[in-house]
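# Provide a 3D model corresponding to the input given below.
(2 chains)
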Amino acid sequence: MASCGNPIADDGALMPSRPKFDKGKYCIKCKLNLGNIVIRHAVYCRDCFIPLVTVKFRRALEPHVNANTGTSKRPKLKASGSLILGFSGGLGSAVLLDLVYKSYLAGHPPTDENGDPRGGINHPRNANVWTTCAVCYVEVSGAFPEAHDSTEEIRSTLASYANLEFILLRLEDAFDASWWCRVTGSSDMSQLALELGKDGLPTEGLILARSSNTLPPKDALRAFLTALPTSTAVSRAIQILIRLLLLFTAQSRGASHLLLGSSLTTLAVSLISCVAQGGGHAIREEFQEHWPPGSSSRIGLGGSVRVVRPLRDVTIKECTAFAWWNGIRVLGRPGLMRAIAGIPGLTKDFVVRLEKDYPSTVSTIARTCAKLEPKGVSVGECWFCRRHLQGGLADWKARISIRSHPDPKVAAQLTSPSPTLCSVPPEQAPQLPSLDTHLCYSCVTMFTSRSSRKLSSAPSLVHRLDTPLPRWVESKSTGVPSQEAVLVSDNGELWVRNQQSEGESRKSITDFLLPDH
Amino acid sequence: TNGPGEAKTKPLDVQYLMHYLRSRLLTERPELFMEGDTVRPGILVLINDTDWELEGEGAYEISDGDEIVFISTLHGG
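Take a look at the predicted model:
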C-alpha cells in the first residue's frame, strides 16, 4: 500500500500521474488497432479518427444547408445560394476548407466495387449542394504599420484547390467608400466620424466629416484603432470589422451560407470573451447567425445568409491531428500579430491551459452557453456590430454613472463647451442622435472603457473629433431636416412630412412628461 | 552500471530532448515552446505518429529511427 513519503529523499514516494485515457491503448471504435491519439480520454486509431472528424463536421453543417428543414429525416441537400468560406490561413479555416472541398466540391465521387457512384440519391456527392463556392480572405496587415502582407501566401495555399474563387478583402475596406458602393450600390461618399465625448463618458453624437477631411481607407482604419482606449477594444474591433466585411460581401454576392472555421476550443474562447466584454445578450450569435434578406442595411440584394461554424464540435487538438495526417498546409500568423491582446488573449490562454488538463471543459463551456437565453427583448440593431440591441441601456447607464471630476480645472472644462476644438460652428452643427442609444452595451464599453494602466497613447479628456467610423454605421436621423415628403391625400390636401429632431420631439410632448425626481 | 563517483545517467528521453531543443536550437521566444519541464499548453507531440500521452509523455525513451514531431495548435481559426 502506497504512503505519502518524501519525494526528495525517495523517488518512489511521488504519486504516479494519472493516465490521460480511460481504458487501454487500443482504439475504442474498432478495438483492433493500437490507438494513435487521445481525444477527451478516449483513444482512437488514425483510421477511425479521420472519419470521426468528418462525421462531426457534417453533423454540424448539414442540418443548416437547406432553407427549409422539411419532414424528411435525411433530405436532399440543396442550398438556396452560393457558398462563401471565411479563410484566415489558420488551423481551423484550413481544416474547414479541406473538409468542404473534399466533401462537396471535389467532383469525383468515390465508386463501389461495381464502379458505380457510392451513396444513394440523397448523398451529397451526387449533386452540387451550392451553386458556386468562393473563399474570402481578409488581410489585416493594414491595421499594423510593420505587419507582413500574407496575401500571396494565402493565394498559393489556395492554388491546390481547383475551381475555387478567391475573394480578397482588406481590413481597411470597412472605411472605403468604393467597397461600400460595390456591395450596397450606395453612392454616399460622406464619412461619419465619432466624437468620444468631452467628458470621457458615453458619446454624445455623430459628426459628419466634410469631404476635405475624408481620410484614405488605411489611414482611417489606423485612426479608428488608435482612438480606441484599450487593447481589448482593438482586438474586438478588428474581429467585428472582419466579421462584417465577410457578411456584407456574402450578402452582396447572393451567398446563402458563410462558413467560418472556429473550432470547439476557439468557440469556447469567443463565448467567454464575449460575455467578459459585456456581449452576453448576443451569445447565441456566437454559435450561429442568420441575416434575413435585406437586413441590417439598405442593400436589398441577395437572400438570407446563414453563418455556420461546422467545426464547433471539433477541438483544436483534433484539428491539429487531422491537418497533420492529411497534409493540410497551415500558414499561421506572422510574429507581430501572433499575440492576441487584452481579454481575448487572456481568455485563450486560460482555456487552452484548462483544456490540456481537463479536455472536456471546452465542450462543457459550449454546451452551457448554448442553453443561455438573453434577458429582455431586442429593440433593434447595434449600429456598429449589427447585433441585437438591448432595451433600456441608456437609462441603466445614466443611473449608474457619476458625472463629476475631482480636478476643478477638468470639471470646468467638462461643463463648458470648447468651440476652438470644434471644426463645425455650433449654429451650423446638425443635431445628431445620441450614439449611446444605438450601440449595444459591449460596443459602448469598447469605445469608452478606460484602462486602469496609464497608456502612453491614452486619450486625454479632450474632444477627439473625426475618429472615422466604418461605412455601415449610418445615421438614420442626422437631425438635419431631411427631404420633405409631400403627400397628396384623397381629398386633394397637401401634407408635408418632416423628420423631427430629438429636441423638437421633446418640446412637443413636454406637457405630458413626468418631472424627474 | 556506473562506477563509484560517476554521475547517474539515464536513457535519453523526450524530456531531455525538449530541454536540448530549447537550449541549443531555438533562436527566439523559447517560452512559446516550453513551460517549466514540459511543452507549453497548445503543443501536440507525436512520437512515431502517436500521441505522446499514449507513450508516457516526457518519460518515453527515444530509440534510433524514432520520429518526434512538435505541432503548435495555436494558429487561430
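# give me every residue that touches residue 35.
With no chain named, the answer covers chain A. Neighbouring residues of A:Gly35 by C-beta atoms under 8 Å, 6 or more residues apart in numbering or on different chains: A:Phe21, A:Lys25, A:Tyr26, A:Cys27, A:Ile28, A:Val43, A:Tyr44, A:Cys45, B:Thr50, B:Asp51, B:Leu54. From N, CA and C alone the C-beta is placed, and that goes for glycine too.
# wait, chain B
For B:Glu35, the contacting residues are B:Pro41, taking C-beta under 8 Å, 6+ apart as the criterion.
# could you do A:Ser263 as well?
A:Ser263 makes contact with A:Leu91, A:Gly92, A:Val95, A:Leu311, A:Arg312, A:Val314, A:Thr315, A:Ile316, A:Glu318, A:Cys319, B:Gly77 under the criterion C-beta under 8 Å, 6+ apart.
# ok, now how distant is it from A:Thr157?
Applying C-beta to C-beta, to the nearest Å, one obtains 18 Å for the distance of A:Ser263 from A:Thr157.
# now swap in A:Lys56 and tell me
Using C-beta to C-beta, A:Lys56 is found at 24 Å from A:Thr157.
# tell me the residues of the stretch 201-350 of chain A that contact chain B?
If contacts are counted using C-beta under 8 Å from any C-beta of the partner chain, the residues of the stretch 201-350 of chain A sitting beside chain B are A:260-263, A:265-266, A:316-317, A:319-321, A:324-325, A:330-333, A:335, A:348.
# kindly report the same for the stretch 351-500 of chain A.
The stretch 351-500 of chain A comes close to chain B at residues A:Val352, A:Arg353, A:Glu355, A:Lys356, as judged by C-beta under 8 Å from any C-beta.
# let's see it at 6 Å
If contacts are counted using C-beta under 6 Å from any C-beta of the partner chain, the residues of the stretch 351-500 of chain A sitting beside chain B are A:Val352, A:Arg353, A:Lys356.
# please identify the helix or strand for the second one.
Assigned by DSSP states H and E, A:Arg353 belongs to helix A:342-357.
# beyond that helix, next helix or strand please.
Later in the chain than helix A:342-357, the nearest helix or strand by DSSP H and E is helix A:361-370.
# which other helices and strands does that next one contact?
With contacts taken as 3 or more C-beta pairs under 6 Å, 6 or more residues apart in numbering or on different chains; DSSP states H and E, helix A:361-370 sits against helix A:264-276.
# who touches the helix it packs on?
Under the criterion C-beta atoms under 6 Å, 6 or more residues apart in numbering or on different chains, residues A:283, A:286, A:312-316, A:343-344, A:347-348, A:351, A:362, A:365-366, A:369, B:77 lie in contact with helix A:264-276.
# quick check: what element follows that helix along the chain?
From helix A:264-276 onward toward the C-terminus, using DSSP H and E, the following helix or strand is helix A:283-287.
# list the contacts of that next one.
A:Ser270, A:Leu271, A:Cys274, A:Cys369, A:Leu372, A:Arg387.
# out of these, which are buried?
Listed as buried from these are A:Ser270, A:Leu271, A:Cys274, A:Cys369, A:Arg387; burial here means 16 or more other C-beta atoms under 10 Å in any protein chain shown.
# where's B:Ile71, which helix or strand?
Using DSSP H and E, the element containing B:Ile71 is strand B:68-72.
# partners of that strand in the sheet?
For strand B:68-72, the paired strands and their directions (DSSP bridges) read strand B:43-47 (antiparallel).
# check which element follows the partner strand along the chain.
With secondary structure assigned by DSSP H and E, strand B:43-47 is succeeded by strand B:50-51.
# what about the nearest residue to B:Ile62 once chain neighbours are set aside, distance to B:Ser63?
Of all residues beyond its chain neighbours, the one nearest B:Ile62 is B:Leu12 (4.9 Å), with distances taken as C-beta to C-beta, 6 or more residues apart in numbering or on different chains. For B:Leu12, the distance to B:Ser63 (C-beta to C-beta) stands at 9 Å.
# among these two, which residue is more densely surrounded?
With neighbours defined as other C-beta atoms under 10 Å in any protein chain shown, B:Leu12 and B:Ser63 compare such that B:Leu12 has more, 14 against 9.
# tell me the mean pLDDT over stretch A:185-201?
Predicted confidence along stretch A:185-201 averages 62 (mean pLDDT).
# low-confidence ranges, chain B, go.
Within chain B, the set of residues satisfying pLDDT under 70 comprises B:1-7, B:75-77.
# that one: helices as residue ranges?
Under the criterion DSSP state H, chain B carries helices at the ranges B:14-20.
# now do the stretch 51-200 of chain A
A:91-100, A:151-158, A:177-184 (DSSP state H, counting those that start in this stretch).
# can you report how many residues lie near A:Gly142?
That count, for A:Gly142 with other C-beta under 10 Å as the rule, works out to 20.
# with the one 10 residues further on instead?
When counting by other C-beta under 10 Å, one arrives at 8 neighbours for A:Glu152.
# kindly report the same for A:Tyr161.
Here the count is done by other C-beta under 10 Å, and A:Tyr161 has 18 residues near it.
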